[in-house]
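Asker: sequence and predicted structure are below.
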Amino acid sequence: MLVLACILMSMLLPAYAAGLDYRVELDVPEAYRALLEKNLDINRWHNNPVLDTAQLQSLYQAAPDNIRTLLATEGFYSPQITASIALQDKPVRMRFVIVPGAPTQVAQFDLSVQGALEQTPEVRDKLLAQLRQAWLLPPGSVFRQTAWESAKRDALKALLIERFPAARIVSSQAVVNPETRQATLSLVLDSGPAFSFGALHISGLERYPASIVERLNPIQPGAPYAQAKLLEFQARLQGTTYFRTVSVSADTDPAHPDQVPVQVNVVENPSSRLGFGIGVSTDSGVRGQIEYQDLNVMRHGWRFKSLLKLETKLQSLNTELQLPRNELGYLDSINAFRERTDIKGETSVRVGTGVKRTRTKGRIEATLAAQFQTEHQSIAGAAGNNRKALTLNYIWTYHNVDNPLFPARGYVFSAQLGGAARALLSDQDFVRGYTRAVYYLPLGQRDGLILRGELGGVLAASSNGIPSDFLFRTGGDQSVRGYPYLSLGVKQANAIVGGRYLAVGSAEYDHWLTERWGAAIFYDVGDAADTLPNLHLVQGYGLGARWKSPVGPLKLDLAYGQAVHALRLHFSVGVSF
């Protein structure tokens, strides 16, 4: 009977499959439909010009075994499969009714170790306990092939990255009983010898002193091998400006596990560099800058940087001498600056010098800075005045975004606290606090929400004698759109000057039409004032265009400033945290 059916099928299939037009129907629980539809061999041959009638027949007959193999990866080793084919239909219709049954569960798991780890019972027992706790397939769980492979890799990795980089899998076995739907698992690991770190070897240094590398080395000779230490060392070196590429490694030859040399290979950056830049924005107008860097002052690896910036409303010259990062991760520097601004009737000339210490650890950057500055302020329609202050400031910033150039998810939070005292070379006693937060929330594949907020306050008897950069103004591309740059503040004569209080909020909805082009709708509120009762939040809202340029998001916004009853165009490039 079976032979007759096959002969009949072979005779009828050419009439219906000559054009290779066929359909496959799967009657299967929805949780496993995608697995089968994507991976069944018979589905992959649709519209294939080389498929002939004999191959189609062979694929149909092989489909049940193909289905069993795929379901086994999900723990189903005894599925019931009923196959049928409707030869009279055009296209030919093949139907598979699939009952997966109960999944196979892990009944027992055995884990053991060999090698040097076996000789230290306390370390062995602790590690085995950790491996069993982290094991992906504990007794009672559904046995899946992908989970089995991942579990073995994870267990081996735990040895490789801590003390035993020559570890290997001696044997692994998964015995499945389809009748009882149970699996017995066993894994034997050989730790190999225990490794320890040795001396530091550096290659590739020509311009810079070895101390730059040595002082960033977190590895002590004789310490147990740990891959995390190698990665930390490499990250520290890559975080400097001295090297184009960095590689940190250790030779893990099982024949020589003791005092393994730590090898650092670097490719240096040029020690000096001259750079030029031009740009334009609706806040600062046309701007240009010249920057000079020397990364090896006096051949000590000291970094000197000088930046001349010329904008329509701001001109500045900043110089900084920075010492190499020390073993604790601190960057110490000394700087001097001169800056002139002319914004909304206030002209300010500031001159100052300062020292600061910065440390970046993971996502956190912290800076402690002391600065002395003098300022001459001219007010349109009023008498000018001179100010001076010796300030101590602390800045703490937490970065947690998925992409620093085009953030779509995460947040950034920054807080500042500083102040000055009349008893210490200052014209006014004051304490200043400021916080800023930006939150990025993706909404589907092409949409996102950006929330931004700023709060600031200066505790002082008055704003007299406080340098202008410690007071607050707002308005412009990166704050309250719909208003000119720093036009929201305290009215004094014919000018706008800074006040002691600030509040800004913003909500922006972005929709990306393509991979690089998008549109936005936004709403901003904010104000700066010298007293809290005079802090009147004004509103700005509008529409914008977005383009993902090579240097960051290009933003073109048309905003309506409700308080001034006027439209204003805003243009900017880059991300402002």
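Answerer: Sure thing, it's come through.

Asker: worst-scoring helix or strand of this protein, pLDDT-wise?
Answerer: Every helix and strand of the chain was ranked by mean pLDDT, DSSP states H and E. The lowest is helix 2-17, at a mean of 40.

Asker: now the element after that one, going C-ward?
Answerer: strand 22-27 (DSSP states H and E).

Asker: what's in contact with that next one?
Answerer: Strand 22-27 is contacted by residues 16, 33, 36-37, 40, 42-43, 46, 56, 91-98 when judged by C-beta atoms under 8 Å, 6 or more residues apart in numbering. C-betas here are computed from N, CA, C, even on glycine.

Asker: just the buried members of those?
Answerer: Neighbour-count burial (16 or more other C-beta atoms under 10 Å) applied to the contacts of strand 22-27 gives 16, 36, 40, 42, 56, 92-94, 96, 98.

Asker: what's the closest of these to Gly561?
Answerer: Comparing these against Gly561 with C-beta to C-beta places Leu36 closest, at 59.0 Å.

Asker: can you name the helix or strand that the closest one falls in?
Answerer: Following DSSP H and E, one finds Leu36 within helix 33-39.

Asker: same deal with Leu554?
Answerer: Element membership of Leu554 [criterion: DSSP H and E] is strand 552-561.

Asker: got the angle for the helix or strand following that strand vs strand 552-561?
Answerer: Following strand 552-561 in sequence order, the next helix or strand is strand 566-573 (DSSP H and E). Using axes from the mean of the first three to the mean of the last three C-alpha atoms, to 10 degrees, the direction of strand 566-573 lies 170 degrees away from that of strand 552-561.

Asker: residues in contact with strand 566-573: which ones?
Answerer: In this structure, residues lying in contact with strand 566-573 by C-beta under 8 Å, 6+ apart are 279-283, 476-478, 481-484, 542, 544, 549, 551-561.

Asker: ok, 7 Å please
Answerer: For strand 566-573, the surrounding residues in contact (C-beta atoms under 7 Å, 6 or more residues apart in numbering) are 281-282, 477-478, 481-483, 549, 551-552, 554-561.

Asker: swap in stretch 234-242?
Answerer: 208, 212-213, 216, 243, 246, 248, 268-269, 295, 301, 303, 325.

Asker: rewinding a little: in a markdown table: the buried ones among the contacts of strand 22-27, plus distance to Ala383.
Answerer: Rendered in a markdown table, the data for these read as follows (distance: C-beta to C-beta, whole Å):
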| residue | distance to Ala383 |
| --- | --- |
| Tyr16 | 99 |
| Leu36 | 84 |
| Leu40 | 86 |
| Ile42 | 90 |
| Leu56 | 95 |
| Val92 | 96 |
| Arg93 | 94 |
| Met94 | 93 |
| Phe96 | 91 |
| Ile98 | 89 |
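
Asker: what's the closest of these to Thr341?
Answerer: Within these, the smallest distance to Thr341 is 67.6 Å, found for Leu36 (C-beta to C-beta).

Asker: how about the closest one, what does it touch?
Answerer: 26, 28, 67, 70.

Asker: which of those residues has the largest number of neighbours?
Answerer: Ile67 (25 neighbours; other C-beta atoms under 10 Å).

Asker: for the helix or strand containing it, buried residues please.
Answerer: Element membership of Ile67, judged by DSSP H and E, is helix 53-72. Neighbour counts over helix 53-72 (16+ other C-beta under 10 Å) mark 56-57, 59-60, 63, 66-67, 70-72 as buried.

Asker: for that helix, packing partners?
Answerer: Applying 3 or more C-beta pairs under 7 Å, 6 or more residues apart in numbering; DSSP states H and E, we find helix 53-72 packed against helix 2-17, helix 33-39, helix 41-44, strand 80-86, strand 92-99.

Asker: now with 6 Å, please.
Answerer: Identification of packing neighbours for helix 53-72 by 3 or more C-beta pairs under 6 Å, 6 or more residues apart in numbering; DSSP states H and E yields helix 2-17, helix 33-39, helix 41-44, strand 80-86.

Asker: if I look at Ile450, how far off is Pro553?
Answerer: Going from Ile450 to Pro553 by C-beta to C-beta, to the nearest Å gives 10 Å.

Asker: and what of Pro324?
Answerer: 34 Å.

Asker: who has more neighbours, these two?
Answerer: For Pro324 and Pro553, the more surrounded residue by other C-beta under 10 Å is Pro324, and the numbers stand at 21 against 18.

Asker: residue contacts, that one?
Answerer: Shown in contact with Pro324 (C-beta atoms under 6 Å, 6 or more residues apart in numbering): 212, 301.

Asker: and it, what helix or strand is that in?
Answerer: Applying DSSP H and E as the criterion places Pro324 outside every helix and strand.

Asker: and the pLDDT at it?
Answerer: On the pLDDT scale, Pro324 is placed at 91.

Asker: gap between it and Ser211?
Answerer: Spatial separation of Pro324 from Ser211 under the definition C-beta to C-beta is 7 Å.

Asker: go on, Val24?
Answerer: According to C-beta to C-beta, Val24 stands 69 Å off from Ser211.

Asker: when these two are compared, which one has more neighbours?
Answerer: A count of neighbours by other C-beta under 10 Å puts Val24 above the other of Val24 and Ser211, at 18 against 11.

Asker: now that one: closest residue in space that isn't a chain neighbour?
Answerer: Closest residue in space to Val24, ignoring its immediate chain neighbours: Met94 at 5.1 Å, by C-beta to C-beta, 6 or more residues apart in numbering.

Asker: count of neighbours near Trp517?
Answerer: 11.

Asker: any idea what it is bridged to?
Answerer: Beta-bridge pairing of Trp517 under DSSP bridges involves Trp547.

Asker: that one and Leu128, how far apart?
Answerer: Per C-beta to C-beta, Trp517 is found 55 Å from Leu128.

Asker: same check on Arg325?
Answerer: Per C-beta to C-beta, Arg325 is found 39 Å from Leu128.

Asker: can you pick out the residue with more neighbours from those two?
Answerer: For Arg325 and Leu128, the more surrounded residue by other C-beta under 10 Å is Arg325, and the numbers stand at 22 against 16.

Asker: hmm, the more buried one is touching Leu331, no?
Answerer: Yes: using C-beta atoms under 6 Å, Arg325 makes contact with Leu331 at a distance of 5.2 Å.

Asker: report pLDDT for the residue positioned nearest the centre of the chain.
Answerer: Geometric centre of the chain, nearest residue: Asp402, 3.4 Å, by C-alpha atoms, centre = their mean. Predicted confidence (pLDDT) at Asp402: the value is 92.

Asker: what lines up beside the lengthiest strand in the chain in the sheet?
Answerer: Of all segments of type strand in the chain, defined using DSSP state E, the longest is strand 382-401. According to DSSP bridges, strand 382-401 has the following sheet partners: strand 364-379 (antiparallel), strand 410-420 (antiparallel).

Asker: out of those, flag the one nearest Asp52.
Answerer: Closest to Asp52 of the strands paired with strand 382-401 is strand 410-420 (C-beta to C-beta; 54.2 Å).

Asker: pLDDT (mean, whole number) over the closest one?
Answerer: For strand 410-420, mean pLDDT is 98.

Asker: now stretch 476-493
Answerer: Confidence for stretch 476-493, expressed as mean pLDDT, is 95.

Asker: tell me how far it is from the chain's mean position?
Answerer: The chain centre lies 32 Å from the centre of stretch 476-493; the measure is C-alpha atoms, centre = their mean, to the nearest Å.

Asker: now do stretch 48-59
Answerer: Mean-position distance between stretch 48-59 and its chain equals 48 Å (C-alpha atoms, centre = their mean).

Asker: with distance to Ala174 as added columns, please give the buried residues of helix 53-72 in TSV.
Answerer: As requested, these are exported to TSV (distance: C-beta to C-beta, whole Å):
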residue	distance to Ala174
Leu56	35
Gln57	35
Leu59	29
Tyr60	31
Ala63	26
Asn66	21
Ile67	21
Leu70	17
Leu71	16
Ala72	11
